[in-house]
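Trainee: sharing a model prediction with you, sequence too.
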Amino acid sequence: MSAPPFAELPPILGPRTLLRPLQADDRAAFIAAAQASVDLHTPWVTAPSDEASFDAWLAKAGPSLHPMLVVNQEDGGLVGVYTLSQIVHGNLCSAYLGAYAFVAYAGRGLMAEGLGLLLQHSFERAGLHRVEANIQPGNTRSIRLFERGGFKLEGRSPRYLRINGEWRDHERWALTIEDWR
C-alpha cells in the first residue's frame, strides 16, 4: 500500500497547533499573513506575498517539496510555515528545512511546537534520516528555535544562499532520526 499524495496527507495534531500541507484554499489567508509579516521576515526570507508567487510555490509541492502550515488550533490562524525541500530518499534519505513565522503568532512558542510536528512528519511519514536547516548567523530567533528542537551546528557555509539578491553566509544545523528519538 503506497502513501497518499502529499496534498492529501492528514494533519498532525499537537496540543495547541496542527501541521498540515499547504492547500490552494490557503491563498488569501497566507498572502495576508505574509504581507503583514514583511518587517518580521526582513532580511531573512521573502515569503510568497501575491497570488502568482503563492500559486507558483504551491504548484511545486509534491514528493520532493513539502510546504507545511503550522495552524493555531484555537482560532484556525496561520502561525507559520515549514518547508522540506530537495527531499531525497535512497542512501541519502535527507531534506533541507526552511521556516518562518507570521507576525500575529510570533514569540508564543507555537513554531517550536510546530517544529516537533514537522520532525514527526519528516522522520515518521516522509521516511527521512536527516533534516538540515541553513540559517543566517544573525537570525538568532531561528537559531534558538532549531537549537531547542535538537538540531546541532555542523558548520558555516560562506555565500551559501542568495536572498533578496545578495549571497549570504549560513550556519548549517542538522538533526538525524537517531538524535531525534
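Mentor: On my side now, so go ahead.
Trainee: may I have stretch 95-108 as CSV, with CA atoms only?
Mentor: C-alpha atoms of stretch 95-108 as CSV (Å, rounded to 0.1, in the frame of the first residue of the first chain):
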residue,chain,number,x,y,z
ALA,A,95,16.0,17.1,3.1
TYR,A,96,16.5,20.8,3.6
LEU,A,97,14.2,22.6,6.0
GLY,A,98,13.1,26.2,5.8
ALA,A,99,10.9,28.0,8.3
TYR,A,100,9.2,31.3,9.0
ALA,A,101,6.6,32.5,11.4
PHE,A,102,3.8,35.0,10.8
VAL,A,103,3.8,38.2,12.9
ALA,A,104,0.4,37.6,14.5
TYR,A,105,1.7,34.5,16.3
ALA,A,106,5.4,35.2,16.7
GLY,A,107,7.0,34.8,20.1
ARG,A,108,4.3,32.5,21.6
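Trainee: need the contact partners of that stretch.
Mentor: Residues outside stretch 95-108 that contact it (C-beta atoms under 8 Å, 6 or more residues apart in numbering): 33-34, 36-37, 39-41, 44-45, 47, 66, 72, 77-88, 110-111, 115, 118, 122, 126, 128, 130-134, 142, 145. (Glycine included, C-beta is placed from N, CA and C.)
Trainee: so where's this protein shaky on pLDDT?
Mentor: Scanning the chain for pLDDT under 70 picks out 1-3.
Trainee: what about the strands in it?
Mentor: In the chain, the strands defined using DSSP state E lie at 12-13, 17-21, 65-72, 78-88, 94-101, 130-135, 152-163, 166-176.
Trainee: sorry, back to before: pull out the buried members of the contacts of stretch 95-108.
Mentor: 33-34, 37, 40-41, 44-45, 47, 66, 72, 78-84, 87, 110-111, 115, 118, 122, 126, 128, 130-134, 142, 145 (16 or more other C-beta atoms under 10 Å).
Trainee: neighbours around Leu119, how many?
Mentor: When counting by other C-beta atoms under 10 Å, one arrives at 21 neighbours for Leu119.
Trainee: for it, give me its contacts.
Mentor: By C-beta under 8 Å, 6+ apart, the residues touching Leu119 are Val131, Gly149, Gly150, Leu175, Trp180.
Trainee: 6 Å - rerun?
Mentor: Trp180 (C-beta atoms under 6 Å, 6 or more residues apart in numbering).
Trainee: same check on the one 3 residues further on?
Mentor: Ser122 is in contact with Leu128, Val131, counting by C-beta under 6 Å, 6+ apart.
Trainee: go on, Gly90?
Mentor: By C-beta under 6 Å, 6+ apart, the contact set of Gly90 is empty.
Trainee: what about it, distance to Ala126?
Mentor: Distance, Gly90 to Ala126, using C-beta to C-beta, to the nearest Å: 13 Å.
Trainee: same check on Gln86?
Mentor: With C-beta to C-beta as the criterion, Gln86 and Ala126 are 12 Å apart.
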